[in-house]
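Colleague: only the shape, not the letters, is given here:
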């Protein structure tokens, strides 16, 4: 189990990094298209603000969140887009202020929440640490979209370990959301971290294995790049199938990205390929989450 304070500190750092990318943008840049079809930079930030607000409601008012979750169930394929569209229509300064305030309110609520409490979500209830990890995963993924839209390099940091952990944790969910029975046996996952360290998950002797760069794995489970464009290797038929369907976010199966149109291969040049319960609501058509 991740330490809540550590995850929240890393979430703040990840959010601040994205804030620096968008904080001084003009209206034309806010309207720039991102790799997620139909979503501008404003949509990306609006979605983060919207999801932070939903998470804050889940942490502070379970009954109010239940009512919002009912609305989502009534429109499972549009509620994410509707929330992003409403936020993207705001003046950039107002949207930015809303995102900043909302994420700080969520930080305070999670830091003061009683230990051991699980909060309702669009999938199974989540602990505070899992909620914070989900928010970090989304902030990182949408930050990648923004970086690609702006043509800037998104720095590699060890904060990726949280995204990788969530990607491993959601293996069974990915099978289930595709109508498949999750494999009974655990997988071995070995990922090369940003500084050359090895991140490992699962028993060393497992027959089903996934290996490769941690960045590639994180891009895969957030559906920011197609498997064909990543340096991930699978051993065993179940592991191979997982790499086709992996998703670390809640909601219907994502369609992912088109091969050859993946995060980091354009101007942002991330250098990839050279070397837990469902997380967040999303219908990542074209890579949204």
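Modeller: Yep, it's here. Values in this document were obtained by computation on a predicted structure and should not be read as measured data. Numbers count the residues shown, from 1 in each chain.
Colleague: what's the longest helix in the protein?
Modeller: Looking across the chain with DSSP state H, the single longest helix is helix 128-150.
Colleague: from the rest of the structure, what touches whatever helix or strand comes next after that one?
Modeller: Once helix 128-150 ends, the next helix or strand along the chain (criterion: DSSP states H and E) is helix 160-169. Helix 160-169 has contacts (CB atoms under 8 Å, 6 or more residues apart in numbering) with 2, 7, 10, 133-134, 136-137, 140-141, 187, 189, 191, 193-194, 199, 201-202, 214-215, 217-218, 220-222, 246, 248, 276-277, 279. Yep, even glycine has a C-beta here, placed from its N, CA and C like the rest.
Colleague: quick one: helix 160-169 to helix 128-150, angle?
Modeller: Counting by axes from the mean of the first three to the mean of the last three CA atoms, to 10 degrees, helix 160-169 lies at 110 degrees to helix 128-150.
Colleague: list the helices and strands the very next helix or strand once past helix 160-169 packs on?
Modeller: Going down the chain from helix 160-169, the next helix or strand is helix 171-177, by DSSP H and E. When contacts are defined as 3 or more CB pairs under 8 Å, 6 or more residues apart in numbering; DSSP states H and E, helix 171-177 packs onto helix 237-245.
Colleague: now the angle from the helix it packs on to helix 160-169?
Modeller: Using the same axes, to 10 degrees: helix 237-245 against helix 160-169 is 120 degrees.
Colleague: so for helix 237-245, what's the average pLDDT?
Modeller: Taken as a whole, helix 237-245 has an average pLDDT of 97.
Colleague: mind listing what's buried in it?
Modeller: Neighbour-count burial for helix 237-245, counted by 16 or more other CB atoms under 10 Å, picks out 238, 239, 241, 242, 243, 245.
Colleague: same check on stretch 221-241?
Modeller: For stretch 221-241, burial by neighbour count (16+ other CB under 10 Å) applies to 221-227, 229-230, 232, 234, 236, 238-239, 241.
Colleague: tell me which of those residues fall in strands.
Modeller: Using DSSP state E, residue 234 are the members of the buried residues of stretch 221-241 that sit in strands.
Colleague: helix, strand, or coil at the residue of the chain positioned farthest from its centre?
Modeller: Distance from the C-alpha centroid of the chain peaks at residue 205, with 29.2 Å (CA atoms, centre = their mean). Here residue 205 takes the coil state, with states given by DSSP: H, G, I helix; E, B strand; the rest coil.
Colleague: contacting residues for it?
Modeller: Listed by CB under 8 Å, 6+ apart, the contact partners of residue 205 are residue 188.
Colleague: let me see the backbone angles for it.
Modeller: The phi/psi pair for residue 205 (degrees, to the nearest 10) reads phi -90, psi 10.
Colleague: okay, it: pLDDT?
Modeller: Looking at residue 205, the pLDDT reads 94.
Colleague: distance check, it against residue 187.
Modeller: Remark: distance between residue 205 and residue 187 (CB to CB, to the nearest Å) = 12 Å.
Colleague: also residue 74?
Modeller: Counting by CB to CB, the gap from residue 74 to residue 187 is 36 Å.
Colleague: of these two, which one has the most company?
Modeller: Ranked by neighbour count (other CB atoms under 10 Å), residue 74 and residue 187 place residue 187 first, with 21 against 9.
Colleague: dump the residue contacts of the more buried one.
Modeller: Counting by CB under 8 Å, 6+ apart, residue 187 makes contact with 168, 171, 201, 202, 206, 208, 209, 210, 236, 238, 239, 242.
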